[in-house]
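Asks: here is my input, please return the structure:
(one chain, ligands or ions: 2)
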Amino acid sequence: MDKLLIRGGRRLHGEVRVSGAKNAALPELCAALLTAEPVVLHNVPRLQDVSTMLKLVRHMGVTAERDDNGTVQLNAADLTNPEAPYELVKTMRASVLALGPLVARFGHAKVSLPGGCGIGSRPVDQHIKGLRAMGAEIDVEHGYMMARLQPGLTRLRGARITTDMVTVTGTENLMMAAALAEGETVLENAAQEPEIPDLAEMLIRMGAKIEGHGSSRIRIQGVERLHGCEHSVVADRIEAGTFLCAVAATGGDVLLREARADHLDAVIEKLRDAGATVLEEAGGVRVRSEGRLKAQSFRTTEYPGFPTDMQAQFMALNIVSEGASTVTETIFENRMMHVNELLRLGARIQTDGRTAMIEGVPRLSGATVMATDLRASACLVIAGLVAEGETVVDRIYHLDRGYDRIERKLGALGADIERIS
Ligand SMILES: CC(=O)N[C@H]1[C@@H](OP(=O)(O)OP(=O)(O)OC[C@H]2O[C@@H](n3ccc(=O)[nH]c3=O)[C@H](O)[C@@H]2O)O[C@H](CO)[C@@H](O)[C@@H]1O
Ligand SMILES: C=C(OP(=O)(O)O)C(=O)O
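Replies: Numbering: from 1, shown residues only. Ligands and ions are numbered 1, 2, ... in the order given. Here you go, the predicted structure:
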């Protein structure tokens, strides 16, 4: 099993290119299931989750070729098997995004419930509720969602759907299904994360009629057929945010090429309050940091609030900043697993349910720590970059799910970091 060995204490300098977003690429690969024409996606990141999604669509009968420049060509003309088996789905929740497109195009689908995940129970009841409102019958049997159209229907039909909570993949699944439904769908309480407008723009290129994406009410006029398209995946705001926190914690001066400051307002504001300099420049975002920063309290909320996917990485900065801070996780019930590992590095943190109370310390000392989930892994990498001596981050298969060669990118900025087996 791969691990990362980090010798901390180096400042980061130079330039790094931010990859395409995992959370946009995954739904966009599923959007290719909506058409029998070729789809070309550019700027697809090299991640384990992308490899898993490609395996999944190939299993259905889709041809999918990836080149070394981040372009994926897909063709779902001969898709004969609208099924997502547990074996391919268990490591990646985003596989639930196959459900909406498959029912919309084929009228039936069999998709495994996504496997349990450390950060919370993560049910998909809202996906099911929305598709039922659009005329699908969905039974959950033997761990699978078995979906088909209600008798008498030949296509899904548009509906007005208000989800019980804001759900990112729920909004994406229903938006894709609605694109091929008969009539109008209105999604109320829709998620507004930047990956949603990016997916909507791709669907519009395919001939979908969508308005309001990026707001909490999305209107979709279904069309009978969608066609192929070419689309470039938006830059990964969470990867960019992770690098911002890393530089803020270690000190240094780095230009994040392709990063979108407008997708990171809540994080950038906190970094500036902490004392880092964050500047929007032509082609990217620059971060400069000198000395110890001031700890910042925050609560995670839906976009445009502070992203839950940045909570752990910002906590890694807070533990070495001056002063006390409070971090509250409101989206997932179990997303504090990095805390115990940070304690092993010398952090001072107390937790009470979903809240962590942190007392900043001037130094951390390297140790072996275990990654428990994707962003917890990134948090431990940042802490390792700051800690004195050697830190080994174990179980980095979590990290590989969502970061495109992070050790190479950090190494190019001057970090002493290597992958070991
Ligand atoms: C592939 C992808 O894009 N993943 C992101 C997506 O996950 P994902 O789309 O799974 O997260 P959701 O926005 O759906 O989850 C938000 C909250 O709603 C709950 N919920 C959701 C759906 C549902 O049917 N029932 C239900 O109870 C979840 O358990 C969670 O507590 O958004 C999360 C929140 O920004 C991010 O952390 C993930 O990185
Ligand atoms: C939780 C995350 O991803 P996923 O929804 O794919 O598990 C994440 O990207 O931080």
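
Asks: only C-alpha atoms for contact and neighbour calcs from this point on.
Replies: Will do.

Asks: contacting residues for Ala25?
Replies: 44-45, 50, 233 (C-alpha atoms under 8 Å, 6 or more residues apart in numbering).

Asks: tell me where this protein has helices.
Replies: Ranges of helices in the chain, per DSSP state H, are 22-31, 48-60, 86-89, 99-106, 125-133, 168-179, 195-205, 237-250, 265-274, 311-318, 338-344, 374-386, 397-402, 406-412.

Asks: could the ones you listed be laid out in CSV, adding distance to Arg11?
Replies: Below are these laid out as CSV (distance: least, C-alpha to C-alpha, whole Å):
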stretch, distance to Arg11
helix 22-31, 27
helix 48-60, 29
helix 86-89, 39
helix 99-106, 45
helix 125-133, 44
helix 168-179, 35
helix 195-205, 31
helix 237-250, 5
helix 265-274, 17
helix 311-318, 14
helix 338-344, 20
helix 374-386, 9
helix 397-402, 22
helix 406-412, 10
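
Asks: which members of the contacts of Ala25 are the farthest-apart pair?
Replies: Val50 and Val233 (12.5 Å; C-alpha to C-alpha).

Asks: so where's the stretch 1-150 of the chain shaky on pLDDT?
Replies: 115-117 (pLDDT under 70).

Asks: name the residues of it found near ligand 2, please.
Replies: Contact residues, the stretch 1-150 of the chain versus ligand 2 (C-alpha under 6 Å from any ligand atom): 92-94.

Asks: what about those residues, which are in strands?
Replies: Counting by DSSP state E, no part of these is found in strands.

Asks: report the separation between the residue of the chain positioned farthest from its centre and ligand 2.
Replies: Computed with C-alpha atoms, centre = their mean, the residue of the chain farthest from its C-alpha average is Gly152, at 37.8 Å. Separation of Gly152 from ligand 2 (C-alpha to the nearest ligand atom, to the nearest Å) stands at 35 Å.

Asks: go on, His127?
Replies: To ligand 2, His127 is 14 Å away according to C-alpha to the nearest ligand atom.

Asks: apart from its neighbours in sequence, what residue is nearest that residue?
Replies: Nearest-residue entry for His127: Gly170, 5.0 Å, with adjacent residues in sequence omitted and distances by C-alpha to C-alpha, 6 or more residues apart in numbering.

Asks: repeat for Leu33
Replies: If the residues on either side of it in the chain are set aside, Leu33 comes closest to Ala76, at 5.7 Å by C-alpha to C-alpha, 6+ apart.

Asks: then Gly389?
Replies: Using C-alpha to C-alpha, 6+ apart and skipping the chain neighbours, the partner closest in space to Gly389 is Gly366 (5.1 Å).

Asks: ok, that neighbour - contacts?
Replies: 7-8, 345, 384, 387-392.

Asks: change it to 10 Å
Replies: 6-8, 344-346, 383-392 (C-alpha atoms under 10 Å, 6 or more residues apart in numbering).

Asks: tell me how many other residues surround Ser221.
Replies: Small correction: residue 221 is Gln, not Ser. Neighbour count of Gln221, defined by other C-alpha atoms under 10 Å: 18.

Asks: please name the nearest non-neighbouring residue to it.
Replies: Gln221's closest residue in space is Glu184 (C-alpha to C-alpha, 6+ apart), at 4.5 Å.
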